[in-house]
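*Asks:* predicted model and sequence follow; I will ask about them next.
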Amino acid sequence: MRTVYNMNLLNTECPATMTEQKCPLRKYLNSPASALRISINETLLMPKTSNVEDLVKTINQMNQICHECQTNNVNQR
């Protein structure tokens, strides 16, 4: 049996000047440091590991990256 639960990890309005190419979160998720990867159709985050600690670190890092991006681009919304 396989059970899968999907969860919305992040829902944020990006700064107006942000693009997919410049997005620090997308860059992070595509890096080896991330325990998650973006699916081929870019609709899901898929785990690269079953290590819970690594997944939690990645989720925390995702939120930190978005917070910093929002803070650094506060006048561009």
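*Replies:* Noted; the coordinates are in hand.

*Asks:* and stretch 44-60, end to end?
*Replies:* 17 Å (CA to CA, to the nearest Å).

*Asks:* can you list the residues that contact that stretch?
*Replies:* Stretch 44-60 is contacted by residues N6, L9, L29, S34, A35, L36, R37, I38, S39 when judged by CB atoms under 8 Å, 6 or more residues apart in numbering. To be clear about C-beta, it is placed using only N, CA and C from the backbone, and glycine gets the same treatment.

*Asks:* kindly report the same for stretch 17-36.
*Replies:* 10, 14, 37-38, 45-49, 51, 54-55, 57-59, 61-62, 65-66, 68-69, 73, 76.

*Asks:* filter the contacts of stretch 44-60 down to the ones in helices?
*Replies:* Among the contacts of stretch 44-60, the members found in helices (DSSP state H) are L29.

*Asks:* need the helices for this structure, in chain order.
*Replies:* Secondary structure of the chain by DSSP H: the helices cover 24-29, 52-72.

*Asks:* ranking these by burial, who's on top?
*Replies:* Burial of the helices of the chain is given as mean neighbour count (mean count of other CB atoms under 10 Å); helix 24-29 ranks first at a mean of 16.
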